[in-house]
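Enquirer: below is the sequence, then the predicted model.
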Amino acid sequence: MAKALIFGSNGQDGYYLTELLKKEGLEVVTSSRSNADMLGDISNFNFVEAIVKLTQPDYIFHLAAKSSNQHHAILDNQNSISGGTINVLEAAYRHAKHCKVFLAGSGLQFENRNIPINEATPFAADSPYAISRIHSIYAGRYFRRKGLKVYVGYLFNHDSALRRSSHVNMYIIEQVCKIAKQGHGTLEVGDYSVQKEFGNAEEIVEGMWTLMQQDTVFEACIGTGLAHSISKWIELCFAYFGLDWQKHTVQLPHFTADYRILVSDPSLINSLGWKASTSIEEMAKMMIEGYLADAS
C-alpha cells in the first residue's frame with residue numbers, strides 16, 4: 001500500500017487531502033502542531049527527518065503555512081514555509097529519494113498585472129508571505145535538479161465550510177448569518193469591488209493529486225480561472241436569506257486592497273485532466289449551510 005505524509009494536515013486543505021488519499025487507497029500519516037498522528041513543528045529539522053525516515057512515504061505534501069501578508073508574520077512565514085520546505089526536501093533527499101514531494105505555492109507570489117496568472121508569470125516579492133513562497137519554490141527546483149521529484153501547485157483562493165473567520169469569505173458568512181437570525185445589523189467590509197476566485201477546497205486538492213500522477217509537468221496554477229467581486233459573494237450570502245445586501249453592508253473607508261483582481265489561467269492543469277466545476281453560487285450555499293449546521 002502506498003503511503004502519504006502530510007505536513008500541515010490540520011487546515012482545510014489537509015483535511016480534504018487526507019480524505020481524498022484514503023479514498024484512493026493510500027495509507028495517510030498526518031503531521032501538525034496539533035490534532036495529528038505526528039505532533040511537531042515543521043521548522044524543526046530533527047522532527048521532520050525522524051518522521052520521513054520512520055514512515056518512508058511515497059508522497060509528501062507540504063501544506064504548513066502562516067497565511068498572512070502582514071509584516072508581523074515574516075518570521076512565522078520563514079519558519080513554516082521557507083524553513084519547512086528545506087527541512088522536508090532535505091529529509092526526503094536523505095531518506096526517501098523515491099518519493100514525490102508536493103509544495104503548496106500561491107497566486108500571491110506572482111507579479112499581478114490584473115490579468116490571468118500562469119506558470120510563466122514572473123514572481124514578485126511584494127510581501128513577507130510572497131518572499132517565503134518564492135524561496136520555497138526555488139528550493140524545490142534545486143532539489144529537482146538533484147533528482148527529487150518535486151511538484152508545485154500554485155493555489156488560488158479556495159474555501160470550504162472549514163474556513164476560519166479570519167478569512168474574509170467566512171467572516172462575511174458568519175456576519176450575514178447573525179444578521180439574518182437577529183433581523184438587523186450591519187456587515188462592515190473593506191473594498192468589495194476587489195475580484196478573486198471562489199474555488200472549492202475539495203476540488204483544489206484533487207488538482208494537487210492530478211498534478212502528481214504524471215512526470216512531465218512539475219509546476220501548475222491550480223484555480224478556477226474565474227474571478228468574481230467580493231460584492232457578488234456578499235450579494236449571494238444575503239440572498240440565501242432573502243435579504244438585500246445593499247441595505248445591510250457598509251464599505252469601510254481608507255481601506256487599501258492588496259490587489260484589484262487575482263485570477264489564474266489554469267490551462268496547464270486543465271490539460272492534465274482536472275478542472276474546477278463548483279460555481280460561486282454553489283460555494284455560497286455550501287458554506288452557509290455548513291456554518292449553520294455547525295452552529296446548531
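Expert: Yep, it's here.
Enquirer: okay, now the unreliable bits of the stretch 51-200 of the chain?
Expert: Within the stretch 51-200 of the chain, the ranges that satisfy pLDDT under 70 run 66-69, 72-73.
Enquirer: span of stretch 103-114 from start to end?
Expert: Chord length of stretch 103-114, first to last residue, is 25 Å (C-alpha to C-alpha, to the nearest Å).
Enquirer: buried stuff in that stretch?
Expert: Applying a neighbour-count criterion of 16 or more other C-beta atoms under 10 Å, one finds 103, 104, 105, 106, 107, 108, 109, 110, 112 buried in stretch 103-114. Just so you know, the C-beta spots here come from the backbone N, C-alpha and C atoms, and that holds for glycine as well.
Enquirer: which residues touch that stretch?
Expert: 13, 61-63, 65, 69, 85, 117, 121-125, 127, 129-130, 133-134, 136-137, 140, 150-157, 197, 219, 221, 223, 258-262, 264 (C-beta atoms under 8 Å, 6 or more residues apart in numbering).
Enquirer: one more: stretch 19-36?
Expert: Contacts for stretch 19-36 (C-beta under 8 Å, 6+ apart): 1-10, 14, 18, 37-42, 51, 55, 57-59, 64, 202, 205-206, 209.
Enquirer: tell me how far it lies from the chain's centre.
Expert: 17 Å (C-alpha atoms, centre = their mean, to the nearest Å).
Enquirer: please enumerate the helices of the chain.
Expert: Counting by DSSP state H, the chain has helices at residues 12-23, 45-55, 74-77, 84-95, 128-145, 168-182, 201-211, 230-240, 267-271, 280-295.
Enquirer: please tabulate the ones you listed in JSON lines and include mean neighbour count as additional columns.
Expert: What follows is the helices of the chain, written out as JSON lines (neighbours: other C-beta atoms under 10 Å):
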{"stretch": "helix 12-23", "mean neighbour count": "19"}
{"stretch": "helix 45-55", "mean neighbour count": "17"}
{"stretch": "helix 74-77", "mean neighbour count": "18"}
{"stretch": "helix 84-95", "mean neighbour count": "22"}
{"stretch": "helix 128-145", "mean neighbour count": "20"}
{"stretch": "helix 168-182", "mean neighbour count": "18"}
{"stretch": "helix 201-211", "mean neighbour count": "22"}
{"stretch": "helix 230-240", "mean neighbour count": "20"}
{"stretch": "helix 267-271", "mean neighbour count": "17"}
{"stretch": "helix 280-295", "mean neighbour count": "16"}
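Enquirer: is it possible to get JSON lines of the ones you listed that adds distance to residue 192?
Expert: Putting the helices of the chain into JSON lines (distance: least, C-beta to C-beta, whole Å) gives the following:
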{"stretch": "helix 12-23", "distance to residue 192": "23"}
{"stretch": "helix 45-55", "distance to residue 192": "41"}
{"stretch": "helix 74-77", "distance to residue 192": "27"}
{"stretch": "helix 84-95", "distance to residue 192": "34"}
{"stretch": "helix 128-145", "distance to residue 192": "22"}
{"stretch": "helix 168-182", "distance to residue 192": "9"}
{"stretch": "helix 201-211", "distance to residue 192": "22"}
{"stretch": "helix 230-240", "distance to residue 192": "4"}
{"stretch": "helix 267-271", "distance to residue 192": "29"}
{"stretch": "helix 280-295", "distance to residue 192": "14"}
